[in-house]
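Q: Coordinates for the following, if possible.
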Amino acid sequence: MRKYQSLIFISLFVSSSVSSVVFADEAQVEALKAKIQTRARTLVTHVEPIYPKEAFSNKLIGSVTMSFTVNLDGSIGDIVVLESMPKGVFEKASITALSQWKYATVAKPIQNVKTKFDFAP
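A: Here you go, the predicted model:
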């Protein structure tokens, strides 16, 4: 049985009484953490966005690219949506997830860090 380090909890009602939970692939999360660690920062907590119910029902795909600051205590601040496709669909879920990320403490704030969330049902 696979162990998942990061869980994406998605409560989507495919029908009126059926819900789904989707899990992030452990290898993807570990690859992301390794990539981040090579950039002088360590990602401690990684949260994936919750797929918006209506977008899932309509089988919408999309992405959101954001920039943010890693504060001295490792918290996330100054989140800015740089690009989103389609507009108005995935931004809120992406911001909510990113605001929950946590890095190890840093010697000075790291500004203009970029990340992208891709959505596909």
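Q: for the protein, what are the low-confidence residue spans?
A: Within the chain, the segments meeting pLDDT under 70 span 1-40.
Q: in it, which spans are helices?
A: Taking DSSP state H to define them, one finds helices in the chain at 26-37, 53-57, 91-98.
Q: my read: residue 73 touches residue 105, true?
A: Yes - counting by C-beta atoms under 8 Å, residue 105 is a contact partner of residue 73 at 5.9 Å. The way it works is simple: take the backbone N, C-alpha and C, and place the C-beta from them, glycine included.
Q: Pairing partners for the residue nearest to residue 106 when sequence neighbours are not counted in the sheet, please.
A: Nearest residue to residue 106, sequence neighbours excluded (C-beta to C-beta, 6 or more residues apart in numbering): residue 70, at 5.7 Å. Beta bridges link residue 70 to residue 76, residue 110, judged by DSSP bridges.
Q: what about residue 70, neighbour count?
A: Counted with other C-beta atoms under 10 Å, the neighbours of residue 70 add up to 24.
Q: Hmm, residue 107 and it touching each other?
A: No - taking contacts as C-beta under 8 Å, residue 70 lies outside contact range of residue 107: 10.9 Å.
Q: returning to what we had before: so who does the residue nearest to residue 106 touch?
A: 41, 76, 103, 106, 109-110, 113 (C-beta atoms under 8 Å, 6 or more residues apart in numbering).
Q: Next one: it from residue 114, what distance?
A: 12 Å (C-beta to C-beta, to the nearest Å).
Q: where along this structure do the strands fall?
A: Ranges of strands in the chain, per DSSP state E, are 7-13, 19-23, 43-45, 62-70, 76-85, 102-103, 110-119.
Q: So for residue 51, which of those strands sits nearest?
A: strand 7-13 (4.8 Å; C-beta to C-beta).
Q: what does stretch 102-112 contact?
A: Residues contacting stretch 102-112 (C-beta under 8 Å, 6+ apart): 40-45, 67, 69-76, 78.
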